[in-house]
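[1] Make a model of this:
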Amino acid sequence: MPQEKLVQLRARLGEISDIQSAASLLHWDMETYMPPKAAPARGEQIATLSALAHRAFTGPEMGALLHELRQSSERLSDDDAKLVEITLYDYERAAKLPEAFVREFS
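    Numbering: from 1, shown residues only. All right, here's what the predicted structure looks like:
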């Protein structure tokens, strides 16, 4: 069972990473090539992607998955247990930030 949950965790983290990468690409484009008058629209796009990534990472499903994996960490490899530990730490910190703040800050 922990292996199935690890596959789910890695899939979720991959999707979140893809969203964050897209936001980073949009930010880079805004800073390097985009005409200044287009910046407000691009800022909205970046804010939306940042909020989506935050929502996906801090959702209750992710929390439940991480806590379940932490409880079965004795059956995980050292690398997998460390992945769960670090991701849970990041999750607990990110969950303290409201999505509206993340959107505005972005």
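[2] The strand or helix carrying residue 11 - what's its average pLDDT?
    Following DSSP states H and E, the helix or strand that holds residue 11 is helix 2-32. Here the mean pLDDT over helix 2-32 is 95, rounded to a whole number.
[3] what's next to stretch 31-44, contact-wise?
    Stretch 31-44 is touched from outside by 26, 29, 30, 106, with contacts defined as C-beta atoms under 8 Å, 6 or more residues apart in numbering. No exception for glycine: its C-beta is placed from N, CA and C like everyone else's.
[4] May I ask which two of those are separated the most?
    29 and 106 (14.8 Å; C-beta to C-beta).
[5] Show the model's pLDDT score for the closest residue to residue 29 other than its chain neighbours.
    Spatial nearest neighbour of residue 29, excluding adjacent residues (C-beta to C-beta, 6 or more residues apart in numbering): residue 42 at 7.4 Å. Residue-level confidence at residue 42 comes out at 93, pLDDT.
[6] got it, and residue 39?
    According to the prediction, residue 39 has pLDDT 89.
[7] Pull the number of nearby residues for it.
    12 (other C-beta atoms under 10 Å).
[8] same thing with residue 33?
    Other residues near residue 33 come to 8 when the count uses other C-beta under 10 Å.
[9] With residue 68 instead?
    The number of residues packed near residue 68 is 15, by other C-beta under 10 Å.
[10] check contacts around it.
    The contact partners of residue 68, taken as C-beta under 8 Å, 6+ apart, are residue 5.
[11] heads up, I number from 20, so please use that
    In the new count, where the first residue is 20, that last one comes out as residue 87.
[12] does it sit in a helix or strand, and which one?
    In this structure, residue 87 sits in helix 79-90 according to DSSP H and E.
[13] Please name every helix or strand in contact with the next helix or strand after that helix.
    On the C-terminal side of helix 79-90, the closest following helix or strand by DSSP H and E is helix 97-113. When contacts are defined as 3 or more C-beta pairs under 8 Å, 6 or more residues apart in numbering; DSSP states H and E, helix 97-113 packs onto helix 21-51, helix 58-77, helix 79-90.
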